[in-house]
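[1] Let me see the structure of the following:
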Amino acid sequence: MNNGIDLRLFPIECRDLIDNKYPLILVSGLAADERIFQRQACTFREVITVPWVEPNSRDTLEDYADKLAASIAGQVGDRPCYVAGLSLGGMLAPMIAAHFNTKACILIATIRKPSEFPKRYRPGYFFCRYTPRVIAAGHFLVKSVARCLMPLARRLRSPERVIILQQLFGCNSWLFAQQLRMLFTWTLDPKSWRHDFTLDPSERYPFLLYQIHGTHDHVLICSHTTPNMTVNGRHVLPLYKADEVNRFIESVMAETDGIDAE
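    Residues are numbered from 1 along each chain as shown. Down below sits the predicted model:
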């Protein structure tokens, strides 16, 4: 059962390989949707993807995590589960996992706490906070360019590039601007930090935490954080390093199978 994912839309062969005992909840990254996890949906038998919901203009990242958790609560119930997130989704994943009977939380190409966010993005904080409509308009323009590049991506026969471009021009521009605002406020505005945000999520939450990161990730720098496993890859690991990510998730499931979720 792959909730939220239509496997017929994917340009690769899909087949169930791992009969995971507990559902795997997946949270996508900024400007992405469930298609970023197509190779995980084709590997694990039970996958639940978290749909993006419209945030309030004053929502914090933690407020947003509460809303996302509520959107899938009916599918998860009281069952033990695993929660994994990519990039922005990885920042949200521990906050979402706190709502469920989570055995382990898996971070993919992301950071654990605000202090690990690259400081070179600091100018973006002020821009995204005070001019979200400009950000939304700029994103809409980029989407228009992406549509022109789609025929080229199809000619190159690169399903990964096609998927990334599809998600780019399928992303709601206003949602993108609001997610950027929440992201930059969480990571770059000291006034928004609660004391426990300076702690590693493994110190804040009762479930186990695991992290995989690409050594050539130029979006969120690998050396700024403390992954359990590194791979020779860039940022979009679930697509370009799917085998490594799937094996890592499978190893986490095997390691924590006998451990009771709290």
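[2] what's around the residue nearest to Pro94 when sequence neighbours are not counted, how many residues?
    Using CB to CB, 6 or more residues apart in numbering and skipping the chain neighbours, the partner closest in space to Pro94 is Pro201 (4.2 Å). Placement of C-beta: from N, CA and C, glycine included. A count of nearby residues for Pro201, using other CB atoms under 10 Å, gives 22.
[3] And for Leu86?
    28.
[4] tell me the phi and psi of it?
    Torsion angles at Leu86 (phi, psi; degrees, to the nearest 10) stand at phi -110, psi 130.
[5] Run a quick check on Gln211 versus Leu107, I expect a contact.
    Yes: checked against CB atoms under 8 Å, the pair Gln211 and Leu107 is within contact range at 4.1 Å.
[6] low-scoring stretches of the stretch 51-200 of the chain, by residue?
    For the stretch 51-200 of the chain, applying pLDDT under 70 flags the ranges 129-162, 165-169, 192-197.
[7] what are the ranges of the strands in it?
    80-86, 101-108 (DSSP state E, counting those that start in this stretch).
[8] Need phi/psi at His218.
    According to degrees, to the nearest 10, His218 has phi -100, psi 0.
[9] His235 is in contact with that one, correct?
    Yes: under the criterion of CB under 8 Å, His218 makes contact with His235 at 7.2 Å.
[10] more neighbours, those two?
    Neighbours were counted for His218 and for His235 using other CB under 10 Å; His235 has more, 19 against 10.
[11] show me what contacts that one?
    Neighbouring residues of His235 by CB atoms under 8 Å, 6 or more residues apart in numbering: 87, 109, 214, 217-220.
[12] Just give me the neighbour total for Pro55.
    Burial of Pro55 is recorded as 19 neighbouring residues (other CB under 10 Å).
[13] and it, what are its phi and psi?
    phi -80, psi 160.
[14] Pull the contacting residues for it.
    Contacts of Pro55 (CB under 8 Å, 6+ apart): 63-64, 67, 175, 178-179, 182.
[15] Would you point out the most distant pair within those?
    Across the contacts of Pro55, the longest distance by CB to CB is 14.8 Å; it joins Asp63 and Leu175.
[16] Looking at these two, which is more packed in?
    Leu175 (17 against 14).
[17] and the more buried one, what is it in contact with?
    Contact partners of Leu175, counting by CB under 8 Å, 6+ apart, are 52, 54-55.
[18] Could you do Leu199 as well?
    Lys113 are the contacts of Leu199 under CB under 8 Å, 6+ apart.
[19] Equivalent analysis for Glu116, please.
    For Glu116, the contacting residues are 220, 224-225, by CB under 8 Å, 6+ apart.
[20] All set, thanks.
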